[in-house]
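sequence unknown, structure follows:
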C-alpha cells in the first residue's frame, strides 16, 4: 500500500511540482558501512520487526484493512482526504480527493494495476511499476520481506530521527535497489528509500513511517511522510479498521477520462 501512495505522489507531481524544483532533501549520512561480526543478521532484524508489530499470529489474523485520513502537500498548500482499502491476499485500492483538483485513484486487483487522475486520465501499469505495486500490495508483506528480494543484506546503520536504525538493502527481481531502515531499539520499520518509475520519469523517495499504534494487536503507522527532491507530502490516518467487509468491486478498474 505504501508504494501506491508513492505512485500517486508522482502523478500529483505533474501538476503541483513545477515551483518546487529547487527543494532538496538532506539525506543523513551512514554511520558505518562495514558492520562488525557481532551485528545482527537479516533474519534477526526481520524477526524482531515481526515481533515488534505484533507477531506472526496476529498479522495473519488480519484479512482486510481500511484506512481513512488526510493528505497534504505543504509546499503548495494543497490538502484533501484519503481512503485506502486492502484485502487479502493482495488487492488494494486508494482514493485521494484534493479540493480544486479532483480525485486521484490507484487500484490493484491482484493481477492488474491502474492509476487515474483528472490530468492524465486512466493508465494501466506495466513493467517495473506493476512489479513494485504487486510486491507492496501483499497484505502479509511484513512476513515475506526476505522472499521479495533476490538479495537482502545488512549494509550499515543510519540515524533516523533521534535513533539509530539498521539498514537493509534489497535487490528486487525488477526495479532499483531499495533500502529498509529498522529502529535498533524498537525493531520497527521507520524509513524506506525507493525509486519509482512513472511516465514523468524516475523519482527517488524517502518514506518515513511514524506514529505506530496498535490496531487489533498489530501496530500500524498512522503517519506516512514522504520526501523527494521535488516536494514533500504527509498522510495522517485518523481511522484504521481491520477485518471489515470489503467488496471485490472496490478493486475494479477505475473509470477513465
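Okay, I see it. Keep in mind that what you see is a predicted model, and the values were worked out from it rather than measured.

Let me see the ranges of the helices in the stretch 51-200 of the chain.
56-60, 127-137, 141-144 (DSSP state H, counting those that start in this stretch).

ranges for the strands of the stretch 101-250 of the chain?
102-108, 113-117, 121-124, 151-160, 163-171, 178-183, 189-196, 203-215, 218-227, 232-242 (DSSP state E, counting those that start in this stretch).

Kindly reformat those as CSV containing mean neighbour count.
Every residue, glycine included, has its C-beta placed from N, CA and C. Below are the strands of the stretch 101-250 of the chain laid out as CSV (neighbours: other C-beta atoms under 10 Å):
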stretch, mean neighbour count
strand 102-108, 22
strand 113-117, 23
strand 121-124, 14
strand 151-160, 17
strand 163-171, 20
strand 178-183, 22
strand 189-196, 21
strand 203-215, 17
strand 218-227, 19
strand 232-242, 17
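
how about those strands in TSV, adding distance to residue 57 and mean pLDDT?
As requested, the strands of the stretch 101-250 of the chain are arranged in TSV below (distance: least, C-beta to C-beta, whole Å; pLDDT from 0 to 100):
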stretch	distance to residue 57	mean pLDDT
strand 102-108	26	93
strand 113-117	30	92
strand 121-124	37	92
strand 151-160	24	95
strand 163-171	24	96
strand 178-183	21	97
strand 189-196	19	93
strand 203-215	14	94
strand 218-227	10	96
strand 232-242	14	96
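
can you tell which of those is closest to residue 58?
Closest approach to residue 58 among the strands of the stretch 101-250 of the chain is made by strand 218-227 (5.2 Å; C-beta to C-beta).

Could you list the paired strands of the closest one along with their orientation?
strand 203-215 (antiparallel), strand 232-242 (antiparallel) (DSSP bridges).

List the contacts of stretch 171-182.
45, 48-49, 127-128, 131-132, 135, 145, 148-152, 155, 158, 160, 165-170, 188-195, 197, 202 (C-beta atoms under 8 Å, 6 or more residues apart in numbering).

For residue 172, see how far away the residue nearest to residue 207 when sequence neighbours are not counted is.
Nearest non-adjacent residue to residue 207, counting by C-beta to C-beta, 6 or more residues apart in numbering: residue 192, 4.4 Å away. Taking C-beta to C-beta, to the nearest Å as the measure, residue 192 falls 13 Å from residue 172.

Surely residue 90 is in contact with residue 109?
No - Residue 90 is beyond contact range of residue 109, at 9.2 Å (criterion: C-beta atoms under 8 Å).

Turn the strands of the stretch 101-250 of the chain into a markdown table, columns for distance to residue 71.
Listed next are these as a markdown table, based on distance: least, C-beta to C-beta, whole Å:
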| stretch | distance to residue 71 |
| --- | --- |
| strand 102-108 | 9 |
| strand 113-117 | 13 |
| strand 121-124 | 20 |
| strand 151-160 | 23 |
| strand 163-171 | 26 |
| strand 178-183 | 23 |
| strand 189-196 | 17 |
| strand 203-215 | 14 |
| strand 218-227 | 10 |
| strand 232-242 | 5 |
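
do you know which of those lies nearest residue 75?
Among the strands of the stretch 101-250 of the chain, strand 232-242 sits nearest to residue 75 (C-beta to C-beta), with 6.6 Å.
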